[in-house]
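Student: sharing a model prediction with you, sequence too.
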Amino acid sequence: MKAKKKTDLKILEDMCKDGFLYSHFGEYWKRKHGYKVCKVPLNADFTCPNWDGRISKVGCTFCPSFARQFTYNSFRQVINQGLEEQVRDQVKHYQEMAGGKKCLVYIAFGTNTYAPLEDLKKIYDAALKHKDVVGLSIGTRPDCLPDEVFDLLENYVKKGKEIWLEIGQQTVHQHTLEKIKRRHGFAEAIRVVEEAHKRGIKVIFFVILGLPGETREEMVETARIISALKVDAVKIYSLIVMKKTQIAQDYLEGRYNPIGFKEYVNTVCDFLENLDRKVLIQRLSKDCGLETKLAPEWNTYRLIVGPAVEKELKKRGTKQGSKLKLTLTAEELKPLAPAEKMTFGGEEYCQDEPEF
C-alpha cells in the first residue's frame, strides 16, 4: 500500500511567519517545487450520470446544462478544438498572462471520470503530452471512481505526474445533499479519500457555502469533517444561482435567499478557523459568466472576496485552523465532577447489574 505524501508543514509554518493567514495553494506549490504552476482548463465533452439518465435526468438543482459559461473568454475561443490543441493554446495563454512555468491540466465540465476506461486513458494521455504539463486535476463526482479508474490514475503517479481529483462534494450533510439532488451521500467521499491516498493521488473537495436549508454551524462542521478526513485541498464557493436551473425557480419565487456578501465573508472566516491548516486553499470564491448569473447580486470575483476575507481574519486576530478542536487535550482529561456519584437527565444513575 502506497502511503500518502504529506503536506510539508515546514513550508506552511514559513508561510505563516511571512503573514499568510491561510494555506494558499499557489504559494505552497511555488515554495515546494520552486516554480509557479498554472491550472489550464480542458473540455473533453464529458456528460454526467446525474444528467444522462443513469442516475437521473434533471441534474443537481444548481447545475445548468450550459456549465461551460463559467469559463473565461480566452478558453471559450478554443473550447471545441481537439484536446491537444486546447492544451497547447491554454498553456501558452496562461504562461504569458500569469507567468507560470509549468501547468496542471484541469479537466472540467461534467463528470470527468464517467467514460469507458479506454476513453479515459486516451483523454488523460492527450492532456499530459505537452512538455510543460506536470499533471492532471480531474473534476468528478465521488460515486464515479471505481477501483479500475484509481488504478489507471495510479499509473500516472508512478510515472512522476501530479494527479489531483476534484470532488464535487459540496457539503457533508445528507439533508442538504438530498435537497440539492446530488444523489450520492458522504460515504462515497470517505472511500474516495482513502483509495486516492493509497495510490499517492491528492484530493480536492468543492464546498458550497449558502446551500438551501444549511446553517452556519453545519457549514463549519463541514470544515471540521474535512479536517478529520485529511482532505488535501478545498475550493470554497458561494452558491451562484444560474439561469435555467432548478434553484433559479426557487429564487425567483422567493423560496431561496442567497447568502449576502458580508455573511459569506464571515462564514468563510468561520470555515477557515475550523479547517486544519494542512488543507490547502485553492479558491475562496468563484467567478462566472455574468450573462447567465441571477444571484447573488454582489460580485463573487475572487480578487474582491479574497482580500475581504483576509481583512476580516486580521480584524479577528485569527487564521486557518486557529479554532479547530477535534478532541480534548491530555491536560483536559480531568473530570470536573466526583466520579463516585453522577446524575444524568436529572436522576441519579446507578448500574446495579453487569451488562453481560
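Tutor: Now that the structure is in, tell me what you want to look at.
Student: where do the strands sit along the stretch 201-350 of the chain?
Tutor: For the stretch 201-350 of the chain, applying DSSP state E, counting those that start in this stretch gives strands covering 202-209, 233-238, 241-242, 280-283, 293-295, 343-344, 347-348.
Student: of the ones you listed, which is nearest Leu12?
Tutor: strand 280-283 (8.8 Å; CB to CB). From N, CA and C alone the C-beta is placed, and that goes for glycine too.
Student: ok, and what's touching that closest one?
Tutor: Identification of contacts with strand 280-283 by CB atoms under 8 Å, 6 or more residues apart in numbering yields 7, 22-25, 28, 204, 232-237, 272, 302, 320.
Student: quick one, which of the residues you listed are buried?
Tutor: With burial judged by 16 or more other CB atoms under 10 Å, the buried subset of the contacts of strand 280-283 is 7, 22-25, 28, 204, 232-237, 272, 320.
Student: next, Tyr35: phi, psi?
Tutor: When read as degrees, to the nearest 10, the backbone of Tyr35 gives phi -150, psi 160.
Student: one step back: could I get the strands of the stretch 201-350 of the chain as CSV with distance to Asn50 and mean pLDDT?
Tutor: Listed next are the strands of the stretch 201-350 of the chain as CSV, based on distance: least, CB to CB, whole Å; pLDDT from 0 to 100:
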stretch, distance to Asn50, mean pLDDT
strand 202-209, 14, 98
strand 233-238, 18, 97
strand 241-242, 16, 92
strand 280-283, 23, 97
strand 293-295, 21, 91
strand 343-344, 45, 62
strand 347-348, 50, 60
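Student: what's the closest non-adjacent residue to Val134?
Tutor: Distances taken as CB to CB, 6 or more residues apart in numbering place Lys102 nearest to Val134, at 4.7 Å, with adjacent residues excluded.
Student: does that neighbour touch Lys131 like I think?
Tutor: No. With contact defined as CB atoms under 8 Å, Lys102 does not count as touching Lys131 (9.4 Å).
Student: adding distance to Gly82, write the strands of the stretch 201-350 of the chain out as a markdown table.
Tutor: Listed next are the strands of the stretch 201-350 of the chain as a markdown table, based on distance: least, CB to CB, whole Å:
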| stretch | distance to Gly82 |
| --- | --- |
| strand 202-209 | 27 |
| strand 233-238 | 28 |
| strand 241-242 | 28 |
| strand 280-283 | 27 |
| strand 293-295 | 30 |
| strand 343-344 | 68 |
| strand 347-348 | 73 |
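Student: and Glu331, how far from Ser238?
Tutor: For Glu331, the distance to Ser238 (CB to CB, to the nearest Å) stands at 39 Å.
Student: those two: who's more crowded?
Tutor: Set side by side, Glu331 and Ser238 show more neighbours around Ser238, with 26 against 6, by other CB atoms under 10 Å.
Student: which residues in this structure form helices?
Tutor: Secondary structure of the chain, counting by DSSP state H: helices at 9-17, 25-33, 73-76, 83-98, 117-127, 147-158, 174-179, 187-198, 216-229, 246-252, 261-273, 302-316.
Student: more neighbours, Lys102 and Lys131?
Tutor: Comparing Lys102 with Lys131 by other CB under 10 Å, the one with more neighbours is Lys102, at 19 against 7.
Student: so Val234 sits against Val207, correct?
Tutor: Yes. Under the criterion of CB under 8 Å, Val234 lies in contact with Val207, with a separation of 5.5 Å.
Student: hey, what's in contact with both of these two?
Tutor: The contact sets of Val234 and Val207 overlap at Ile226 (CB under 8 Å, 6+ apart).
Student: grab the nearest non-local neighbour of Gly213.
Tutor: Counting by CB to CB, 6+ apart, Gly213 lies nearest to Lys179, which is 5.7 Å off, once chain neighbours are set aside.
Student: can you tell me which residues contact that neighbour?
Tutor: Lys179 sits next to Thr61, Leu211, Pro212, Gly213 when contact means CB under 8 Å, 6+ apart.
Student: let's have those in JSON lines, adding neighbour count.
Tutor: Listed next are those as JSON lines, based on neighbours: other CB atoms under 10 Å:
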{"residue": "Thr61", "neighbour count": "20"}
{"residue": "Leu211", "neighbour count": "24"}
{"residue": "Pro212", "neighbour count": "17"}
{"residue": "Gly213", "neighbour count": "12"}
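Student: closest one to Ser285 out of the residues you listed, please.
Tutor: Nearest to Ser285 among the contacts of Lys179, with distances taken as CB to CB, is Leu211, at 15.3 Å.
Student: since that was my last question, I'll sign off now.
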